[in-house]
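1. I would like the atomic coordinates for the input below:
(one chain, ligands or ions: 2)
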Amino acid sequence: TDIRIGTELIRRRKGGIPLVCLTAYTYPVARLLDPHVDLLLVGDSVAMVLHGHETTLGASLEMMIAHGQAVMRGSARACVVVDMPAGSYEDSAAQAVASARRIVGETGCQAVKLEGGVDMAGQIAAIVAAGIPVMGHIGLLPQSVEKDGGYKIKGRTDETVAALMADARAVEKAGAFSVVIEGTIEAVAADITRRIAIPTIGIGASGDCDGQILVIDDMVGLTVDRVPKFVKEYADLRRVIANAAERYAAEVRDRTFPGPAHVFSDSKASSGTDGG
Ligand code: KIV
Ligand code: NA
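-> Ligands and ions are numbered 1, 2, ... in the order given. The predicted structure is shown next:
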């Protein structure tokens with residue numbers, strides 16, 4: 001029996017207690033987050049966050065599948081969504097369905113996410129028709145930052161507000177179970193949330209969204225480059241890791257580490273766990 005939160009349950013949380021979402025890319029972090037969240041996203045941000053690429057365009061299908069498998073091994077109850085990387089779905093509905101089938105088939109995740117509204121409605125509808133739940137992603141689209149000339153907040157002009165609303169409605173109509181709204185003027189994200197029937201998940205959007213998501217490394221203070229304004233750092237892991245490395249380095253250099261507790265002695269009294 002599957003104890004995982006399904007996408008239908010996520011959909012029905014519209015207007016209820018806000019949905020708690022975080023990205024996860026690895027087995028240990030999935031283990032730690034799973035008890036606390038409704039949804040884990042294996043974001044293509046993994047290309048930047050863990051692999052050091054300049055943009056999310058560095059993500060590949062193989063990379064997403066490997067991290068999706070790791071997160072599935074580390075989680076038991078959260079709904080796991082895996083991002084479709086750039087280049088795996090834009091060309092055609094057939095390409096999108098083939099890529100989505102590979103992601104779900106090789107990871108066992110609950111759903112896939114892709115970026116785009118009106119222009120990607122055909123892809124969303126085709127993946128949903130193939131029996132795979134889809135999460136949409138509108139507003140600031142990281143896979144398009146090179147084309148857009150940088151990270152630009154959306155919804156500042158009447159024209160873009162209308163385009164955002166059209167994107168939201170297109171994603172909803174195409175059958176997505178939920179939609180991420182990223183980097184969008186607060187009132188616009190709130191208005192979209194009121195006007196569509198599927199839950200909106202905000203990031204740099206609005207507290208009125210039906211849920212929130214952050215990149216895990218940003219949230220725990222592990223991001224070494226500039227963090228965006230919308231991030232709140234709930235921990236300072238940069239300092240924890242740097243401090244541990246500094247103390248380790250000092251103890252290795254002055255031979256304080258390893259101490260008696262960290263070596264295997266010949267003594268019969270010792271209770272080593274070396275299996276020998
Ligand atoms: O890749 C990612 O981390 C994302 C979230 C920020 C929504 O798409
Ligand atoms: Na993403």
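
2. At the contact with ligand 2, which residues of the stretch 51-200 of the chain appear?
-> residue 83 (C-beta under 5 Å from the ion). All C-beta spots, glycine's among them, are computed from the backbone N, C-alpha and C.

3. again, 6 Å this time
-> Residues of the stretch 51-200 of the chain found near ligand 2 (C-beta under 6 Å from the ion) are 56, 83, 142.

4. Return the set of residues that bridge with the second one.
-> Yep, that's residue 83 we're talking about. Assessed by DSSP bridges, residue 83 has beta-bridge partners residue 113.

5. which ones are touching it?
-> Neighbouring residues of residue 83 by C-beta atoms under 8 Å, 6 or more residues apart in numbering: 41, 42, 43, 44, 45, 59, 64, 112, 113, 114.

6. is it true that residue 169 touches residue 196?
-> Yes. If you go by C-beta atoms under 8 Å, residue 169 and residue 196 touch, sitting 6.6 Å apart.

7. So for stretch 141-159, what gets flagged as buried?
-> For stretch 141-159, the neighbour count (16 or more other C-beta atoms under 10 Å) marks 141, 142, 143, 144, 145, 153, 154, 155 as buried.

8. Return the member of the residues you listed nearest to ligand 1.
-> Proximity of these to ligand 1 (C-beta to the nearest ligand atom) peaks at residue 142, which lies at 6.6 Å.

9. Excluding chain neighbours, what is closest to the closest one?
-> Among residues not flanking residue 142 along the chain, residue 56 sits closest, at 4.6 Å (C-beta to C-beta, 6 or more residues apart in numbering).

10. Just list the residues touching the one residue in the stretch 151-276 of the chain that gets nearest to ligand 2, thanks.
-> Per C-beta to the ion, the residue of the stretch 151-276 of the chain with the smallest distance to ligand 2 is residue 180, at 7.9 Å. Taking C-beta under 8 Å, 6+ apart as the criterion, residue 180 is in contact with 113, 135, 136, 137, 138, 139, 200, 201, 202, 203, 213.

11. does it count as helix, strand or coil?
-> At residue 180, secondary structure determined by DSSP: H, G, I helix; E, B strand; the rest coil is strand.

12. For residue 22, what is the enclosing helix or strand?
-> strand 19-23 (DSSP states H and E).

13. again, but for residue 247
-> Using DSSP H and E, residue 247 maps to helix 237-253.

14. contacts for that helix?
-> Here helix 237-253 makes contact (C-beta under 8 Å, 6+ apart) with 220, 221, 222, 223, 224, 256, 257.

15. returning to that earlier point: what about the strand holding residue 22, distance to the chain center?
-> Offset of strand 19-23 from its chain centre (C-alpha atoms, centre = their mean, to the nearest Å): 8 Å.

16. helices or strands up against the helix or strand just after that strand?
-> Downstream of strand 19-23, the first helix or strand assigned by DSSP H and E is helix 27-33. Counting contacts by 3 or more C-beta pairs under 8 Å, 6 or more residues apart in numbering; DSSP states H and E, helix 27-33 is packed against helix 61-74.

17. ok, and which of the residues of the stretch 51-200 of the chain next to ligand 2 reach ligand 1?
-> When C-beta under 6 Å from any ligand atom is applied, the members of these adjacent to ligand 1 are residue 83.

18. The residue nearest to residue 196 when sequence neighbours are not counted: what's it in contact with?
-> Spatial nearest neighbour of residue 196, excluding adjacent residues (C-beta to C-beta, 6+ apart): residue 172 at 4.7 Å. Residue 172 is in contact with 136, 179, 196, 197, 198, counting by C-beta under 8 Å, 6+ apart.

19. again, but for residue 22
-> By C-beta under 8 Å, 6+ apart, the residues touching residue 22 are 33, 37, 39, 40, 41, 213, 214, 215, 216, 219.

20. Distance to residue 240 and neighbour count for those - can I get that in CSV?
-> Listed next are the contacts of residue 22 as CSV, based on distance: C-beta to C-beta, whole Å; neighbours: other C-beta atoms under 10 Å:
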residue, distance to residue 240, neighbour count
33, 17, 21
37, 21, 22
39, 26, 26
40, 22, 31
41, 24, 30
213, 23, 26
214, 18, 21
215, 18, 23
216, 15, 24
219, 14, 20
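
21. Closest to residue 20 out of those residues?
-> The closest of the contacts of residue 22 to residue 20 turns out to be residue 37 (C-beta to C-beta; 4.8 Å).
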